[in-house]
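K.L.:
Just a sequence and a predicted model for now, questions to come.
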Amino acid sequence: EYTQNYIDEKLSREEKTTLRYSPGYCDWPISEQCEIFKILPHETIGVELSEDSFMSPRKSVSGVIGICPANSKFSGNLCIDCPKVNCPYRRSEKK
């Protein structure tokens, strides 16, 4: 949350961030966590990744935040934008 707020403060008025998205969400396999760890200086912040792609310390979070034009049609609601209309975890109806 801190990182997203920091990025939001640095963006121009013509840009906005997308929602945070992490391995393990929807169809992004947790095993791809290693791809994030290849580009992040995780040693500097003291986060390790197990062979099973789980982070330590236990409550660590990784992910990506996109940047798009402020007038983008992205709704900010992953459930509305997701094509899986029969997902048991769906929180909103498709518009």
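P.N.:
Arrived safely, thanks for sending. Treat the numbers as computed from the prediction; the structure is a model and nothing was measured.

K.L.:
Quick check: the residue positioned nearest the centre of the chain vs Gln4, distance?
P.N.:
Nearest to the mean C-alpha position of the chain, counting by C-alpha atoms, centre = their mean, stands Tyr21 at 1.6 Å. Using C-beta to C-beta, to the nearest Å, we find Tyr21 at a distance of 11 Å from Gln4. Where you see a C-beta, it was placed from the backbone N, CA and C, and this is true even at glycine.

K.L.:
got any residues that touch both of those two?
P.N.:
Ile65 (C-beta atoms under 8 Å, 6 or more residues apart in numbering).

K.L.:
ok, back up a step: list the residues that contact the residue nearest to the centre of the chain.
P.N.:
Here Tyr21 is in contact with 28, 63-66, 78 (criterion: C-beta under 8 Å, 6+ apart).

K.L.:
SS state for Cys68?
P.N.:
Here Cys68 is strand, with the state taken from DSSP: H, G, I helix; E, B strand; the rest coil.

K.L.:
Wait, it touches Glu15, no?
P.N.:
Yes: contact criterion C-beta atoms under 8 Å: Cys68 and Glu15 qualify, at 7.1 Å.

K.L.:
Poorly predicted segments of the protein, please.
P.N.:
Counting by pLDDT under 70, the chain shows low-confidence ranges at 74-78, 92-95.

K.L.:
can you give me the helices for it?
P.N.:
2-10, 33-39, 42-45, 78-81 (DSSP state H).

K.L.:
Buried ones in the third one, by neighbour count?
P.N.:
Spelled out, it's helix 42-45. Of all the residues in helix 42-45, those buried under the rule 16 or more other C-beta atoms under 10 Å are His42.

K.L.:
right, so the helices of the chain: which one is the most enclosed?
P.N.:
Highest mean neighbour count among the helices of the chain (mean count of other C-beta atoms under 10 Å): helix 78-81, with a mean of 15.

K.L.:
picking up where we left off before, how about the contacts of Tyr21 in a markdown table, adding distance to Lys84?
P.N.:
Formatted as a markdown table, the contacts of Tyr21 follow (distance: C-beta to C-beta, whole Å):
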| residue | distance to Lys84 |
| --- | --- |
| Trp28 | 13 |
| Gly63 | 19 |
| Val64 | 20 |
| Ile65 | 22 |
| Gly66 | 20 |
| Leu78 | 10 |
